[in-house]
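Q: Quick one, structure for this:
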Amino acid sequence: MGDSPWFAGAKYTFLNSDSEFSIGNLPDYLKPQLSMKDGGVSLLLNYDTRDNSFSPNQGLYGNISYAKHADYFGGDNDYSIASGEFSGFSYLGNSFQGSMRLSASSAHGDTPYYALPFIDMRGIPAMRYQGERMATLQGELRYDFDARWSAVVFGGVGQAFSSEQNLGDTPNRYAKGLGFRYLMARRFNLRTGIDVARGPEDTTLHFIVGAGWSDF
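A: Okay, the predicted model is just below:
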C-alpha cells in the first residue's frame, strides 16, 4: 500500500476431493467413500517491517485474514474462519537474537474437519489438536557462534477448544526443542538447519529453511 509497510490482498481457493477408504475385505459397494467440494474467498491484511522475509533478525510482522466459504463460491459447506498472527524479531545483545509469535484462529458455521484451526507448533503433529478456536504463543532464542553457525532453543504453548468453551477450559499443550542453523545464502540471509522438538506425546524432527515458523 504505497510506501508503507502495509499490504492488502485477496485469494480464492477451491478443493474437489474424492476419497476412498480400504477396510478389510469388504465388497466395493460397502467401502466408504467421501466426496467433497470447498470454495472460499479470503481477504488479507499484512504489516511487515522485518529486515528479511526468509530469516529475519529484526522487525515486526502481522497478518489478519477473513475467509468465507459457501456454495456460491463452489463449495458444499457454509463457514468462515478469522485468523491473526503477530511475530516480533530483535537482537538481544552480542550474538543473541530472539523472536516470538502469537497466533489465533476462530471458525464459525458448518466447518469441515480438515479446515478446523489446529495447534501449529514444532513438536506437535499437524491437526493433532483441533477446535473451533485456537491460540498459541511461541518463542525462540538464537545464539550465533560465528558468521555462519548458530544454535537455537524454542518453546511454546497452545490451546484448541470448542465454541462453547473459553481459553483456559482445555489443557495447555506444550512443546519445546533445540536445533542449529547454518547461513547458507549470505546475500539473502537465508538460514537452514535441523530442529528436534518434544511435544505432549511425540519427539519430532524438523528440517528448517528460513524462520522456525513460516511467515513468508
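Q: alpha carbons only for contacts and neighbour counts from here, please
A: Fine.
Q: mind checking how far the most centrally placed residue in the chain is from Gly158?
A: By CA atoms, centre = their mean, the chain has its centre lying nearest to Asp120, at 4.8 Å. Distance of Asp120 to Gly158, given as CA to CA, to the nearest Å: 8 Å.
Q: for Gly62, same thing?
A: From Gly62 across to Gly158, the span is 19 Å (CA to CA).
Q: just Ala10 next, same as before
A: 28 Å.
Q: And those two? Which one has more around it.
A: The residue with more neighbours, out of Ala10 and Gly158, is Gly158; 25 against 12, by other CA atoms under 10 Å.
Q: Is the residue nearest to the centre of the chain in a helix, a strand, or coil?
A: Three-state call for Asp120 (DSSP: H, G, I helix; E, B strand; the rest coil): coil.
Q: What's the local residue count around the nearest residue to Gln138 once chain neighbours are set aside?
A: Spatial nearest neighbour of Gln138, excluding adjacent residues (CA to CA, 6 or more residues apart in numbering): Gly156 at 4.0 Å. Around Gly156 there are 23 other residues, counting by other CA under 10 Å.
Q: So that it lines up with my notes, have the first residue be 55 from now on.
A: Sure, I'll start counting at 55 from here, so that last one is Gly210.
Q: Now for Gly210: which residues touch it?
A: Met175, Thr190, Leu191, Gln192, Gly193, Tyr228, Ala229, Lys230 (CA atoms under 8 Å, 6 or more residues apart in numbering).
Q: Against Ser76, how distant is it?
A: For Gly210 relative to Ser76 (CA to CA), the value is 37 Å.
Q: Repeat that for His123.
A: When CA to CA is applied, the distance between His123 and Ser76 equals 30 Å.
Q: and what of Ile248?
A: 36 Å.
Q: Neighbour count: the two, which is higher?
A: Ranked by neighbour count (other CA under 10 Å), Ile248 and Ser76 place Ile248 first, with 18 against 10.
Q: Secondary structure class of the residue nearest to the more buried one when sequence neighbours are not counted, three-state.
A: Of all residues not flanking Ile248 in the chain, Phe261 sits nearest, at 4.7 Å (CA to CA, 6+ apart). Phe261 falls in the strand class when you classify it by three-state DSSP.
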